[in-house]
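> how does the following fold in three dimensions:
(one chain, ligands or ions: 1)
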Amino acid sequence: HDKWEIDHSELVLMEELGMGQFGVVRRGMWRGRIDTAVKMMKEGTMSEDDFIDEAKVMTKLQHQNLVQLYGVCSKHRPIYIVTEYMRHGSLFNYLRRTSPDQLGHAVLLDMCIQVCRGMAYLERHNYIHRDLAARNCLVGDENVVKVADFGLARYVLDDQYTSSGGSKFPIKWAPPEVLNFTRFSSKSDVWAFGVLMWEVFTCGKVPYGRMTNSEVVDKVLQREVLEKPKGCLNEIYNVMRACWGHKPEDRPSFRVLKDQLAVISQSVL
Ligand SMILES: COc1cc2c(cc1NS(C)(=O)=O)=CC1=C(NCc3c(C)cccc3C)N=NC=21
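So this is what the prediction gives:
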């Protein structure tokens, strides 16, 4: 009996939390007292066996800014992926529905610092996220923010999502080397982190507005970057621009970013 295997009978499913592209997410109670979220993987959306092998690795990645994977129910179909429950849902929704005065610059910067800590942990473990964005981070009590869905992009079968030409590919969070060669790295995650910072400091605006994917690709390959969010401090916008260095080696690591953001947090806020 593998420790990452969760027994169906120990899980009580409750209200639906949301609908992702891989399936429905519902709240669940595990062993009568542990608050969880359960993703029920729609059949055929994922190479399930590969994912179950991966789940063993993911249960070992533990950090206060990573959504903790508790395990999988893989004895039946659809398989369930069980994680800790985050009371305020996705960071993207939270930013859009929380009024700006509740989200002062100190809070917004602290959210970015928390995501950066989680990403620095993944970087240290040579783990590439591949789909970092505000929609893939979750908010818990006291504005705790955690990175979710890390690494799952590799198991998606829908090539509309996985190929950079696909209609569902996250073009707006992708750097030039991913748009041109699908070359993912922790430095491509850093580019996406810069876009996530922009999402945070615009309180949930959509990057590049209503531009089409091909318009965004042209802009990014012509080295045009997102504009400074209204009211955003120059020091903070400069960090975003560092994340958007044209070549991966021009971008800082998450380890360096963490320290840079901490200095800004102590000095200007
Ligand atoms: C309260 O509201 C919510 C809470 C959660 C949530 C969505 C909402 N609502 S919404 C749609 O944002 O409006 C998704 C999760 C989650 N894990 C999701 C997850 C699982 C189960 C398996 C693999 C990967 C991941 C990321 N833990 N808590 C919540």
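
> give me the phi and psi for Lys146.
phi -130, psi 150 (degrees, to the nearest 10).

> okay but it is in contact with Leu69, surely?
No: taking contacts as C-beta atoms under 8 Å, Lys146 lies outside contact range of Leu69: 11.4 Å. C-betas here are computed from N, CA, C, even on glycine.

> kindly export the one helix or strand Val239 maps to (C-alpha atoms) in PDB.
Using DSSP states H and E, Val239 maps to helix 234-243. Taking Å, rounded to 0.1, in the frame of the first residue of the first chain, the C-alpha atoms of helix 234-243 are listed here in PDB:
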ATOM      1  CA  ASN A 234       9.700  52.000 -10.200                       C
ATOM      2  CA  GLU A 235      11.900  49.700  -8.000                       C
ATOM      3  CA  ILE A 236       9.100  47.000  -8.300                       C
ATOM      4  CA  TYR A 237       8.600  47.600 -12.100                       C
ATOM      5  CA  ASN A 238      12.400  47.300 -12.600                       C
ATOM      6  CA  VAL A 239      12.300  43.800 -11.000                       C
ATOM      7  CA  MET A 240       9.500  42.800 -13.500                       C
ATOM      8  CA  ARG A 241      11.700  44.100 -16.400                       C
ATOM      9  CA  ALA A 242      14.700  42.100 -15.200                       C
ATOM     10  CA  CYS A 243      12.400  39.000 -15.400                       C
END
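
> helix or strand right after it?
helix 254-268.

> show the end-to-end separation of stretch 40-47, please.
Start-to-end span of stretch 40-47 (C-alpha to C-alpha, to the nearest Å) is 14 Å.

> what comes up buried for it?
Met40, Met41, Thr45, Met46 (16 or more other C-beta atoms under 10 Å).

> do you know how far the second one is from Arg135?
Put plainly, it is Met41. 18 Å (C-beta to C-beta, to the nearest Å).

> next one: Asn65 from Thr162, what distance?
26 Å.

> my error: substitute Lys60 in the last question.
Distance from Lys60 to Thr162, by C-beta to C-beta: 25 Å.

> between these two, tell me which one has more neighbours.
Taking other C-beta atoms under 10 Å, Lys60 and Thr162 do not tie; Thr162 has more neighbours (16 against 10).

> that one contacts Val156, correct?
Yes: between Thr162 and Val156 there is a contact under C-beta under 8 Å: 5.6 Å.

> so where's the stretch 151-269 of the chain uncertain?
Within the stretch 151-269 of the chain, the ranges that satisfy pLDDT under 70 run 269.

> how close does the residue of it found nearest the ligand get to Tyr85?
The ligand sits closest to Leu152 of the stretch 151-269 of the chain, with a gap of 6.4 Å, by C-beta to the nearest ligand atom. Going from Leu152 to Tyr85 by C-beta to C-beta gives 18 Å.

> may I see the buried residues of stretch 40-47 organised as CSV, with distance to the ligand added?
What follows is those, written out as CSV (distance: C-beta to the nearest ligand atom, whole Å):
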residue, distance to the ligand
Met40, 9
Met41, 9
Thr45, 12
Met46, 11
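
> Val24: neighbour count?
By other C-beta under 10 Å, the residues close to Val24 number 16.

> need the nearest residue in space to it, chain neighbours excluded.
Leaving aside its sequence neighbours, Val24 sits nearest to Met40 (C-beta to C-beta, 6 or more residues apart in numbering; 5.3 Å).

> now do the helix or strand the one you found falls within: which elements does it pack against?
Per DSSP H and E: Met40 is located in strand 34-41. In terms of contacts (3 or more C-beta pairs under 8 Å, 6 or more residues apart in numbering; DSSP states H and E), strand 34-41 is packed against strand 11-19, strand 23-30, strand 80-84.
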